[in-house]
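S.K.: Structure here, sequence nowhere to be found:
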């Protein structure tokens, strides 16, 4: 065999091996889920009284709505 054919075969095998052994990327978490402050309902927690407009970081509430996220896989 000629030397260049051997080099091409070795290059193809090495490319296939590097593709098989490369680490798989992890799915990114949505930014909204990371920055979400989930409200809690505790009996001893004081109720914040707000005068004007402001953001309450830890509200004492029983229910605020659907705070879950879903991911969908799309075949291309």
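M.R.: Now that the structure is in, tell me what you want to look at. Source: prediction; values computed, not measured. Numbering: from 1, shown residues only.
S.K.: Shouldn't residue 7 be within a helix?
M.R.: Yes: judged by DSSP: H, G, I helix; E, B strand; the rest coil, residue 7 forms part of a helix.
S.K.: element containing residue 20, please.
M.R.: Assigned by DSSP states H and E, residue 20 falls within helix 3-21.
S.K.: An error on my part: the question was meant for residue 23.
M.R.: Assignment of secondary structure by DSSP H and E places residue 23 within no helix or strand.
S.K.: Based on its surroundings, how many neighbours for it?
M.R.: Neighbours of residue 23 under the rule other Cβ atoms under 10 Å: 5. All C-beta atoms are positioned from the backbone trio N, CA, C, and that covers glycine.
S.K.: Distance check, it against residue 17.
M.R.: Between residue 23 and residue 17 the computed distance is 14 Å (Cβ to Cβ, to the nearest Å).
S.K.: Next: residue 45.
M.R.: Counting by Cβ to Cβ, the gap from residue 45 to residue 17 is 57 Å.
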